[in-house]
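K.L.:
What would the 3D arrangement of this be:
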Amino acid sequence: RYAPRLIGRHSTADRARVTVVGRHCEAGDVLAADAELPADVRPGDLLAVPVAGAYHLSMASGYNLVGRPPVAAVRDGRARLLVRRESLEDICTRDVGL
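P.N.:
Sure thing, here's the model as predicted:
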């Protein structure tokens, strides 16, 4: 079971049970059902999903032109980027055309 967490801002809102969905592989992917997140989570907020299984780097691909995810190590409240997020420019650079 995946456990998404709100990062990037502190919330004092009550917790709410939500379903986290999005374009991870397919448009209708459900990443977490009945996850507890602050009730004031809104579009544009950043969620971290520790140990995201097949949605993580090891199973990532360029399917649907979705860039591969970043990888960060977190310890004692400090994060260190291990692999940066793949950009659209990275994806296009590999395309040499016909």
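K.L.:
List the contacts of Arg5.
P.N.:
Going by Cβ atoms under 8 Å, 6 or more residues apart in numbering, Arg5 touches Leu37, Leu47, Ala48, Val49, Pro50. For glycine as for every other residue, the C-beta is placed from the backbone atoms N, C-alpha and C.
K.L.:
The residues you listed in strands, which ones?
P.N.:
Members of the contacts of Arg5 lying in strands (criterion: DSSP state E): Leu37, Leu47, Ala48.
K.L.:
Who wins on neighbours among those?
P.N.:
Scoring the ones in strands among the contacts of Arg5 on neighbours with other Cβ atoms under 10 Å, the highest-scoring entry is Leu37 at 20 neighbours.
K.L.:
Now it. Nearest residue, chain neighbours left out?
P.N.:
Distances taken as Cβ to Cβ, 6 or more residues apart in numbering put Val18 closest to Leu37, at 5.3 Å, once the chain neighbours are dropped.
K.L.:
Please apply the same query to Ala39.
P.N.:
Ala16 (4.0 Å).
K.L.:
May I have the beta-bridge partners of the one you found?
P.N.:
Leu37 (DSSP bridges).
K.L.:
How about Leu46?
P.N.:
The partner list for Leu46 in beta bridges (DSSP bridges) reads Ile7.
K.L.:
Share the number of residues neighbouring it, please.
P.N.:
Other residues near Leu46 come to 9 when the count uses other Cβ under 10 Å.
K.L.:
give the contact list for it.
P.N.:
Contacts of Leu46 by Cβ under 8 Å, 6+ apart are Leu6, Ile7, Gly8.
K.L.:
Take these and write them to JSON lines, including distance to Leu65 and pLDDT.
P.N.:
JSON lines is the format used below for those (distance: Cβ to Cβ, whole Å; pLDDT from 0 to 100):
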{"residue": "Leu6", "distance to Leu65": "27", "pLDDT": "94"}
{"residue": "Ile7", "distance to Leu65": "25", "pLDDT": "90"}
{"residue": "Gly8", "distance to Leu65": "25", "pLDDT": "87"}
